[in-house]
Structures are given as C-alpha cells and as structure tokens.
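Asker: show me the folded form of this:
(chains A and B)
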Amino acid sequence: MLHIGGVRTALYSWLIARQTGGQFVLRIEDTDRGRYDAASEASIMESLRWLGLDWDEGPDVGGPYAPYTQSERLELYQDAARKLIESGHAYEDDTTPEELEELRTAQKAAGKPPGYDNRGRYKTKEEIEASRAAGKPVVVRFKIPDIGKLKFEDMVLGEVEFDLSLLQDFVILKSDGYPTYHLAHIVDDREMQISHVVRAPEWIPSTPRHILIHQALGWDLPNYIHVPLILGKDKSKLSKRHGAASALEYRDQGVLPEAIFNFLALLGWSPGDDTEVMTKDEIIERFSVERILKSPAVFDNDKLTWMNGVHIRQMSTDDLAGRVAPVLERPESEGGLPDSVSRPIDRDFLHSLLPLVHERLKTLNEATDALSFFFLDEVHPEVEALPGRKSDPETATKSLEASLEVLKFAEPFEPEHLEAEFRALAEKLGLKPGPLFTPVRVAVTGSTMAPPLFDTIVAIGKERVLNRVENAIRMLESARVS
RNA sequence: GCCCCGUUAGUGUAGUGGCCCAACACGUCUCCCUUUCAAGGAGAAGAUCACCGGUUCGAAUCCGGUACGGGGUACCA
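Answerer: Predicted coordinates:
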C-alpha cells in the first residue's frame, strides 16, 4: 500500500521531473524477501496512475536502464560490494544474528548504547572462509572511516552535519546475497542517472552512510530532498485510524485525483501567495523545491473535502457525468444505487440530472444519495418527516391533496409554470411556501434534502410524481387512523 | 541513553529585521439569499508568533539554551 505520505513524496518527485524536463523513474525496491508482496506492488502502480503520476521508466514500461526491479539486478550490487572490499572500504563479516543480539543485550545491561562493535574489521580471510565452509552466514559491511564529522547539503534542510564516530560499520550486502537499501539505491541511482533523491525524513540520519558509499565508489552525489512528514489529526503518523491512509481509499470515497493532487502539493509547500486551488499544470509551473517546508503537516480531511467540492464545481457536466456514472453503477453494498436499478444507467438521463446536484456535491460518492430517487420506481419517506419541522400531519395532508390536483392538471408540466401554480396555491391555502413545499418534496424524493423542487418534479416525471404524492397521502391517512 | 529534524490561531500556509499588537484558506459561529440542502454574499470569534535569555534603536524573523513533538540508532525500507 502506498501511504499518503509516500504519495506526496512521489508527487514532489514527479513535479521536479515534469518541471525540469527530466525523467520520472519508478523502481521496485524488493530487497527484503521476507516482506515482499506482489499485491502491494500492483497497488502502488495503481495509486500513481490514478493520480496521474505517470512514469517515464519503470518495470512495466521499461527504459534504458532496465530492469527496474532490484531483485533482478543483484549482480550489480554484488559487483559494487566486491569493489568496495577490494578498495578496502568494506569487508566480509561472519558475526551471526545471535551474536549481534547477545552483543546488544550486553551493551544495554552495561548502560551503553546498543550497536555493532566493528569486530569484523579484524577477522582474517581465513576465518571468513572457514565460517563460510561451516555454513555460517556472511555479510558485507561498509567500514565507517575515522574522519570526524561529515557535512552534507539537503535542498530542503540546508546543511546538515553528522558525527561519524556515532556510526558503526553497517551491512550493505546481506547473507542471502541481497543488498540493503543503502547499497542498492546508490548503485541504482548511479546506473539510472538519478539527479534528485526525494524521500521521507526518516532517511535523514542514514544519508551520511549513503554519501560515504558514493565517495568510496568515486561517484558524484545526487541532490538530496528530504520532505517533511504528514501527520494525522492527533499529530501521530497518519494511519487507518485517521480515516484513510492510502490514495486508493480516497478514490473509493469519491475524492477526485485532481483534488488529492492539489491538496497534497500544499501539505509542505505553497506557491508563496494566497493561491490554493490549482490545476495540475499550474502546480507544475509554480512548484519549487526551495519552498518546500521542513516542518511536518497535519492532514486535514475537512479541507480536503472542501477542496474536492471546489474541483467538482469547476468540472464540466460532461466530465462529471463520466466520473459519477461508475460510482452509481457500483453494487449497492459498495455505495452504488440500489440494486433494483438496472445497469448500465441511462447516461442521457444522468446528464440531464447533474446540473441539479452539481454544486451540491462534495464527493462523487454523495451522488448516490443525491440522485437515487430519480432512478427508483418508488420512494419510501418517513411519515413523520412529511409535514416538515414547522407543520403538522393535517396541514401536510391538505397540502398534498391540493398539490396533487395542481400536478395532475398543470400545463405545461415545466418547472417555471409549476412554481407559479404552487405559489398561487400557497396563497389560496393561506400557507407559507414551507408547509406546502416540504410535504411535496419529502413525498416525491423520500428525503428532506433535495435539489430545487420543481426541476426535480419535472425530472422525475409526471406519472411517478403523482404516484408518490398519492402514496404519501395514503401514508398520512393510515398513520392517523392507527 | 545518544544523534538528527521540527515548533506562527483547531488545521494548512503567508511572513526572511521596521509596512505585523501578524495575513490568507479550511473549520467554527452569526446574519443575508432561500421551498429543503448546498453553493454564494456579509461579518465574528480564535495566535502572549513553544518558552527563557541574548544581539539590535527595533525580532515571528538573527544567536544561545530549555521544553515539547517527530524521526533514527536492523542482515526493514
């Protein structure tokens, strides 16, 4: 699963590529065999695709530096490890995981910070060979040089200084022949000519290691860009508890990719003025690494929902219809229209309805409730809801009966004309619009909230409207008897 | 423990020494529009710029310390 924080990292990386005319590269880092999961790989690609973060090179599209999956590039890492051993920057180590565990427990017991003690530096070739022959696991460790402090430049953080004496020799090639991230990403970044490393802040402390490897191999450094964390409402790391954590969950909740794109770009970056609502192209144009913030941001769902509404309102009816139809056609259990409505739904009919609800939608999923009564044969309002808050069942019955007559004979059966007739009716009955219109709305839509009444009535059609009003009158009568 | 990073209203951001007793947006509240719900319009409340000290004629902005939050300290990425 691609976390929303990961999506934002990818987004920034993509923006840099698109803005500078560079290539956005998708690389699968599957060097931990214990954790590898093909499904999550697919879902990452689906998330990126949904957001429109198209990649120029990657496992599926290929590219000049294929393959783009690390497990298919093992020789490259092993070669690099060998070179580092030959140049004296790395060495083989036969310390077992159990021995390391013992070491750490002992260190903790002695009140010292746990860590590797670099004991492998002093082993002879013969010892290692003997261990290997005995079937003991052998890893390759990078030797931390004794050069005091290391400084590096990060495009977001500025200059960061690190005391190398705090680091221990670390594993670059595991005993199963797979590289650790530290080695693999450096070899690949070099091979694939990566110019900008955009990543989460948890990598800051290991950046000195990456720089040391680059230097040992005699390679130039890429630009480092450590982006800030995204937090949940309670300021802890964003997770399921906060509503949704993956991009695809937002999609399933009816959020537009352009809204997530826009919203995420603004978590940790701003164009420098008051502009907030932007298209993808505007963001590409205005984005700048210099304006990425260092401090973590809290993900505010309310603001995302607002922004989603803005993007929905900016969209054409055609475009909206194309997005809403699949939502309505999902099974009822997944938030679609009631299963009794046959699929596919009538696109022309949908298109004619959308102007009535367009500016009322904050998410695509809201379209189901907002439109279902247009598609159903009959609706089932609550009897108690029919009169509305400020009226009573008797008045409601009277209103509905009078309305029924108007609806039967109104000619033409069009919104403006119906409204005029109903206004006249209200006056005749001595009622304010509310007590007259509300029962009709509830009877016809089954809900107290609906689009403008007369447009709604016409869209539903005379016959169904008459049936629904008659039905409501019957409901009120039987409620009175019982 | 040690190391790294951060800290402007509830939230996202603007602000880079005087224009700032701090601006915009979301959210909240009030009112208007109105047949409901939205949208839209007009307002309001909400920040001792984490704290303490220093530099300066002058600090949200520069420096130091403290507190708090997050991250790292793996044969995970």
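Asker: around RNA strand B, which positions in the stretch 1-150 of chain A sit nearby?
Answerer: Within the stretch 1-150 of chain A, the positions near RNA strand B by CB under 7 Å from any atom of the strand are A:29, A:31-32, A:35, A:95-97, A:100, A:104, A:113-116, A:137, A:139. Quick note: C-beta positions are derived from backbone N, CA and C, even for glycine.
Asker: now, the residues you listed that are in strands?
Answerer: If you go by DSSP state E, those have A:V139 in strands.
Asker: would you mind listing which of the residues of the stretch 1-150 of chain A next to RNA strand B are buried?
Answerer: Buried residues within those, counting neighbours by 16 or more other CB atoms under 10 Å: A:T31, A:T95, A:L100, A:R104, A:Y116, A:V139.
Asker: which non-adjacent residue is nearest the third one?
Answerer: Of all residues beyond its chain neighbours, the one nearest A:L100 is A:Y116 (6.8 Å), with distances taken as CB to CB, 6 or more residues apart in numbering.
Asker: check contacts around the one you found.
Answerer: Taking CB atoms under 8 Å, 6 or more residues apart in numbering, we find A:Y116 in contact with A:T95, A:L100, A:L103, A:R141, A:Q168, A:D169, A:F170.
Asker: re the thing from before, which pair in the residues of the stretch 1-150 of chain A next to RNA strand B spans the largest distance?
Answerer: Using CB to CB, these reach their maximum pairwise distance at A:E29 and A:P113, which is 28.6 Å.
Asker: in the stretch 101-250 of chain A, what residue comes closest to RNA strand B?
Answerer: A:P113 (2.8 Å; CB to the nearest atom of the strand).
Asker: give me the buried positions along stretch A:229-236.
Answerer: For stretch A:229-236, by 16+ other CB under 10 Å, it's A:L229, A:I230, A:L231, A:G232.
Asker: quick one: contacts for the closest residue to the first one other than its chain neighbours?
Answerer: It refers to A:L229. In this structure, A:L229 finds its nearest non-sequential neighbour in A:P296, 4.1 Å apart by CB to CB, 6+ apart. Contact partners of A:P296, counting by CB under 8 Å, 6+ apart, are A:P201, A:P228, A:L229, A:I230, A:L231.
Asker: near RNA strand B, which of these show up?
Answerer: A:P201, A:L229, A:L231.
Asker: can you give me every residue that contacts the last one?
Answerer: This points to A:L231. Contact analysis of A:L231 by CB under 8 Å, 6+ apart lists A:K237, A:L238, A:P296, A:A297, A:V298, A:F299.
Asker: run through the bridge partners of it.
Answerer: Listed beta-bridge partners, A:L231: A:K237, A:V298 (assigned using DSSP bridges).
Asker: and it, how far from A:I4?
Answerer: Here A:L231 is placed at a distance of 11 Å from A:I4 (CB to CB, to the nearest Å).
Asker: just the second one next, same as before
Answerer: A:L229 sits at a distance of 11 Å from A:I4 (criterion: CB to CB).
Asker: residue ranges for the strands of chain A, please.
Answerer: In chain A, the strands defined using DSSP E lie at A:90-93, A:139-142, A:149-154, A:158-163, A:170-173, A:196-199, A:223-226, A:230-231, A:297-298.
Asker: now do the fourth one against strand A:149-154, angle only.
Answerer: Looking back up the chat, that one is strand A:158-163. Strand A:158-163 and strand A:149-154 meet at an angle of 160 degrees, taking axes from the mean of the first three to the mean of the last three CA atoms, to 10 degrees as the criterion.
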